[in-house]
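Chemist: show me the folded form of this:
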Amino acid sequence: MKSLLLQSLFDEQESRPLTVSELNEQVKTALERSFASVWIEAEIVNFKAASSGHWYFTLHDGDSHLRAACYVRNNLRIRFQPFDGLQVRVRGKLSVYQPKGEYQMLVESLEPVGEGALKVAFEQIKLKLQKEGLFDEELKRELPFFPRRVGVITSPNGAAFHDILNVLSRRTRTVNIVLIPTRVQGETAGEEITNAIRSANNFNHKAQPSDKIDVLIVGRGGGSSEDLWAFNEERVARAIRASEIPVISAVGHEIDFTIADLVADRRAPTPSAAAEIVAESEDGIADFLSRKRQDLFQSIGYKLLASRSDLQELALAAVFAEFPQQIKDRRYEITDATESLRSAFDKQIGKNKQRLESLNNRISPLQLASKLNEKKTRLALLQQKQSSAVKDIINAKDENLKIGMASLDALSPLSVLSRGFSIVENAAGEILRDAGEIKENENVKIRLARGTIKARVLTVSS
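Modeler: Sure thing, here's the model as predicted:
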């Protein structure tokens, strides 16, 4: 033993002592290799959020303490702000803080323990955003009355998109759907939803007015609180609030409520309900036009019935019933006069023939021949004059008949009306001939050549 000890004093290669840093480095390497991933359940004490964004706290189980650090790159994925006294489940690795030689846990994941864990995170985010005013009603924008292009931010394979597509396809004819596909659950879902909202707004900045997206539907179908958590993330809420395009939040079922619902311009209890909101304006316009069309047809029908009634009443008026008979009577009178005139001329001609025959019997043949020729000539002249006189008389009678017919036609109410005149009756149906027979604000009926106008008297002047 002594020889070995003495021999070691003369060894050429003596073991070099380690520095504290080197020892801490070796311990750190060994510790991180042996405890690369561990789970611990404990209570948080002495929590501190540094200005750098890192979190520092101590894990305590009642008997022992363990220092812990959660760097900013990891705590950005944690859904809530830890606080003293909170029971948590922590995943991370053990390491050594070399400057002090203290071992600690580097936290990679941190979750509250118990059924109310997600509720704690939800309430923290809600309170923070509420203090900043992100839920204020005055910030919420009106949805476009008649959207033409709707952006849908959801999973292309989920039931939510198919429900929205079915409702809009069934209830609208003018709405175009733009799918912006994203994950709706998982660690990257919140980031993808945020990027999708920003992409839609960037598209609108560059697009032509006719191609712009008018409203966004952001949502998904139902699921557990864990499945819906992406819509509770702070970055999603801020992206919705910063969007220049109005946003409808449609997450889960009617009983589900997320931060996205609070910050969105309109909350729909389900994706199908969001599609109904988009389609309701077009449905309203279609119903309005349909009702107006029915009212118009009904009004036209009433007008036609009233006009037919007025026309029938006018046609049955005494003045129109008597007018044709007066025309017939005048025609009969003219015919009788013509026949009387012809008969008188025929009698006169007969008398002249008899006198001629008597004279022929009383004169010599020569004289007779001379007289006869003379008489024939006179007779021819008389006949010519007679024929001319008859024609003149007939023409005069025809002219008188035309004048009479024109006079009768001029006296006809229809002719008077066709020249722009009208018949004005009071409410009792009496024809007005003097302005003093009517008072202001009384109703009158004005009958024109075609149609009737009902009016109210504004002023009366004599």
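Chemist: list the residues that contact residue 220.
Modeler: Counting by CB atoms under 8 Å, 6 or more residues apart in numbering, residue 220 touches 154, 155, 158, 160, 184, 185, 228, 231, 251, 252, 271. The C-beta positions use only the backbone N, C-alpha and C, and glycine is treated the same way.
Chemist: can you say which of the residues you listed are buried?
Modeler: The neighbour count (16 or more other CB atoms under 10 Å) marks 154, 155, 158, 160, 184, 185, 228, 231, 251, 252, 271 as buried among the contacts of residue 220.
Chemist: any idea how far the closest residue to residue 427 other than its chain neighbours is from residue 428?
Modeler: Of all residues not flanking residue 427 in the chain, residue 443 sits nearest, at 5.2 Å (CB to CB, 6 or more residues apart in numbering). Shown here: residue 443 relative to residue 428, a distance of 10 Å by CB to CB, to the nearest Å.
Chemist: list the residues that contact both of those two?
Modeler: Counting by CB under 8 Å, 6+ apart, nothing touches both residue 443 and residue 428.
Chemist: of these two, who's got more company?
Modeler: More crowded of residue 443 and residue 428, by other CB atoms under 10 Å: residue 443, with 12 against 5.
Chemist: tell me what the more buried one is bridged to.
Modeler: Residue 443 has these beta-bridge partners by DSSP bridges: residue 456.
Chemist: residue 302 looks like it's in a helix, true?
Modeler: Yes. Assessed with DSSP: H, G, I helix; E, B strand; the rest coil, residue 302 lies in a helix.
Chemist: spit out the contact partners of it.
Modeler: By CB under 8 Å, 6+ apart, no residues touch residue 302.
Chemist: and it, how far from residue 296?
Modeler: With the distance defined as CB to CB, residue 302 ends up 11 Å from residue 296.
Chemist: flag the shaky bits of the stretch 351-462 of the chain, pLDDT-wise.
Modeler: Scanning the stretch 351-462 of the chain for pLDDT under 70 picks out 359-369, 371, 409-417, 462.
Chemist: can you give me the neighbour number for residue 215?
Modeler: 23.
Chemist: for it, what are its contacts?
Modeler: For residue 215, the contacting residues are 143, 144, 147, 150, 151, 245, 246, 247, 248, 278, by CB under 8 Å, 6+ apart.
Chemist: which one of those sits closest to residue 102?
Modeler: Using CB to CB, residue 247 comes nearest to residue 102 of those, at 48.3 Å.
Chemist: need the helices for the stretch 351-462 of the chain, in chain order.
Modeler: With helices called from DSSP state H, counting those that start in this stretch, the stretch 351-462 of the chain shows them at 365-411, 413-418.
Chemist: same question but for the stretch 51-200 of the chain, I mixed them up
Modeler: Secondary structure of the stretch 51-200 of the chain (DSSP H, counting those that start in this stretch): helices located at 72-75, 117-131, 159-171, 189-206.
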